[in-house]
Structure formats: C-alpha cells, structure tokens
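Trainee: Sequence and predicted structure are below.
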Amino acid sequence: MTNNDIQTLVDKYLAGATSPQEELQLAAALQQQAELPAEWQAVSLMLGELTLGEAEYDAIMASRQPVSSKPSAMLIAVRFISSAAAIYLVGLFIWLQLQPAPKAQMAYTPKAEQTQPAPQPAYCTEGTPREILMCYIEHRKAQPDTYKQLKQMNYENQ
Amino acid sequence: MYMTRSQFEHIAAQLRQKVLKISTRFFSSRDDAEDAAQEAMEQLWRYCEHIDADRNIDALAVRVAKNCCVSLYRRQQHQLATSDIDTLALSHHEQSASPLQQLEAKDTQRMLNEALDLLNPRERQLFDMRAIMGLSPDDIASQTGIPKPSITAMVSAARKKVFTELIKRINQ
C-alpha cells in the first residue's frame, strides 16, 4: 500500500466512513511503516490495540498460506490433456449411440423384402439364326399381351 | 445497563467455543490454543462489566481472541508479555522493554485517555463501539436505533476531536 493509499484511508477513517475491514487494512499498513508522521501516529493510537492486534493476526495467517496458488505449467498441460481426452471419449460415445445398429445377416431374405424383380433369364441366344428366330417367335406367341403392348408403343412412336 | 458476571457465565461456554476455534486455527499446538483461549476468556471476564448487557459480544470475543493469539505468539517469539485488555491504547507493555519505552507507552496511554475524556458520553459510546467492539455502522444503527448517516457524522466528529487533541499533544 502506497503512502497515498494510506492517506486516503486516514481521511476516510476521520470522516467515519471506513468499514471494519478497511480499518484493519489501515492498521496493517501503519504497522509496516518504520517512521510514522504525527498524523498517522495519532490515527494508529485511535485505531486501538485490538485493531492493530487483529491486523497482525490476519497478516500472520496470510503469511502461512501457500506462497503461490498458481498451478505449474506441467499441471496445466496435464489438466488440458485430461480434459481433451474426456471430451473426446464423451463425443465418441455419443456418436456411437447415434449410429444405427448393423443388420444381422440372415440365411434367407423374407418375401416381403423382395422389392427388386428377379432378372429374367436370357432366352433365344443359342443355336443357328433360324433357330433363334423361331425361338423368338414362339416366345412372342407365348406372351401375346406383351407383344401387343410393344407393337402399340412402336406404332405410337412412329 | 452493563452485563453482570452471572450473565457472562451464561454465555461463557458458547464464547469459549468461538474463541477456541480462533486460537486452534492459529496455533498448531493444542496446548497453546487452550492457553490463548483461556487468556481471552479471562480478559472478557474482566471486561464484561463494561459491556451493555443486551449487546452481542461475539465480535468482541473474536477480536480479543485474535489479540491473545498474537500476544502469546509474540511471547513465544520474543519473550514478550501482555497485560490487560485496555484496548484503546498500548496496553501490551513489553516486559523486556526498557524503562524509557515503558514510560513512553504509559505516556501514550495517558495522552489517549485524556483525549478520549473530551468526548461526550454519546460520542464516547459510538467511538468505543467502532474501536473496541469492531462494529460496522449498520450494526451500530441496529443496536442503538440511530440512523446510519447520523452515526457516521457522530463518529467522524468524535474521531476528529480526538485526532486534533492527539496531534496537539504529540507535537508538544
């Protein structure tokens, strides 16, 4: 505490505006001064032995506190890494929870799930050209509706 | 109306717990803490007849306990001794102090007492409530019924009166 700060507190004390805590601060500051001017000496007397003793008690207790409460850089790094790992694990857990469960492979596919039509086997692909032609005509005769539809579509396109 | 010894005895057990808590926090040794608490209780016992009966003396007990801890600590560190709880002046005379220092301390005590005698009873009461009891203006207002701005003004007037007188005597 600078001399200006002490003088400010002295003025505040004489104005009756100091709190008990500020009076303790003032007492502690005055105790630390080697030489007191007459005004401060008077204020020190007025503060009283109780306030001075209480300020000394607080100063002794404060001096017993750990000097540095600031954590070391190593501790900060360990805390940061631990926090990052914890956040990563939590995120991974949530992400895994959101993923759909893989479907089990079954020996057969139920009929209800058969959405894709089975591919038609190729026909009339073997033999001589005549045999292929005859096969095709027979196949066309076997499916007259399909043939009519194809013929109509061909006609409409023309 | 001041507190009687029997009234003090009613609250002594509770006060001792509070005082012992302060001293235990200060001393690592249980015996030292007990000694400081005992000394604080003795001083409160001697001083209780100067305290208003309807006033809470917990704050005073805490202050006295802290002072007793510091006194015992000083004695342990520097073989110093303390005397009575005359709280407003240098009552903690050092046994190891030279005769000149003891004379100066007594002179200072007398000077302060003479300056305090200039206060009227109301001013003295408020001055003591701030200096000895360590009460805040809010506490004093609740205990005395005087508005807080008036308390501040009266405490200021009392302090300035004592201050002026002390300066005059110190400069003589």
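Mentor: Noted; the coordinates are in hand. Numbering: from 1, shown residues only, chains lettered A, B, ... in the order given.

Trainee: burial of residue B:154, as a residue count?
Mentor: 20 (other Cβ atoms under 10 Å in any protein chain shown). Bear in mind the C-beta positions are built from the backbone N, C-alpha and C, glycine included.

Trainee: quick one: secondary structure of it?
Mentor: Secondary structure, DSSP: H, G, I helix; E, B strand; the rest coil: residue B:154 is helix.

Trainee: I figured it hits residue B:123, correct?
Mentor: Yes: with contact defined as Cβ atoms under 8 Å, residue B:154 counts as touching residue B:123 (6.1 Å).

Trainee: so what sits against both of those two?
Mentor: Overlap of the contact sets of residue B:154 and residue B:123 (by Cβ atoms under 8 Å, 6 or more residues apart in numbering or on different chains) is empty.

Trainee: Which residue ranges of chain B form helices?
Mentor: Using DSSP state H, the helices of chain B run over residues B:5-26, B:30-47, B:58-78, B:99-116, B:121-131, B:137-144, B:148-171.

Trainee: The ones you listed: which one's closest to residue A:157?
Mentor: helix B:137-144 (101.2 Å; Cβ to Cβ).

Trainee: now the angle between helix B:58-78 and the closest one, please.
Mentor: 130 degrees (axes from the mean of the first three to the mean of the last three Cα atoms, to 10 degrees).

Trainee: tell me which residues in helix B:137-144 are buried?
Mentor: Across helix B:137-144, burial judged by 16 or more other Cβ atoms under 10 Å in any protein chain shown covers B:137, B:139, B:140, B:141, B:144.

Trainee: if I pick the last one, what's in contact with it?
Mentor: In this case it means residue B:144. Going by Cβ under 8 Å, 6+ apart, the list of residues near residue B:144 reads B:125, B:126, B:129, B:151.

Trainee: Need the max-distance pair from those.
Mentor: Longest span within the contacts of residue B:144, Cβ to Cβ: B:125 and B:151, 10.7 Å.

Trainee: So between these two, which is more surrounded?
Mentor: residue B:151 (22 against 16).

Trainee: what about that one, distance to residue B:24?
Mentor: 35 Å (Cβ to Cβ, to the nearest Å).

Trainee: before we move on, what about residue B:163?
Mentor: 38 Å.

Trainee: Make JSON lines out of the helices of chain B and add mean pLDDT.
Mentor: Formatted as JSON lines, the helices of chain B follow (pLDDT from 0 to 100):
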{"stretch": "helix B:5-26", "mean pLDDT": "89"}
{"stretch": "helix B:30-47", "mean pLDDT": "90"}
{"stretch": "helix B:58-78", "mean pLDDT": "87"}
{"stretch": "helix B:99-116", "mean pLDDT": "83"}
{"stretch": "helix B:121-131", "mean pLDDT": "88"}
{"stretch": "helix B:137-144", "mean pLDDT": "86"}
{"stretch": "helix B:148-171", "mean pLDDT": "90"}
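
Trainee: Let me see the contact set for residue B:44.
Mentor: Contacts for residue B:44 were tallied using Cβ under 8 Å, 6+ apart; they are B:8, B:15, B:19, B:57, B:60, B:61, B:64, B:85.

Trainee: Out of those, which end up buried?
Mentor: Listed as buried from the contacts of residue B:44 are B:8, B:15, B:19, B:57, B:60, B:61, B:64, B:85; burial here means 16+ other Cβ under 10 Å.
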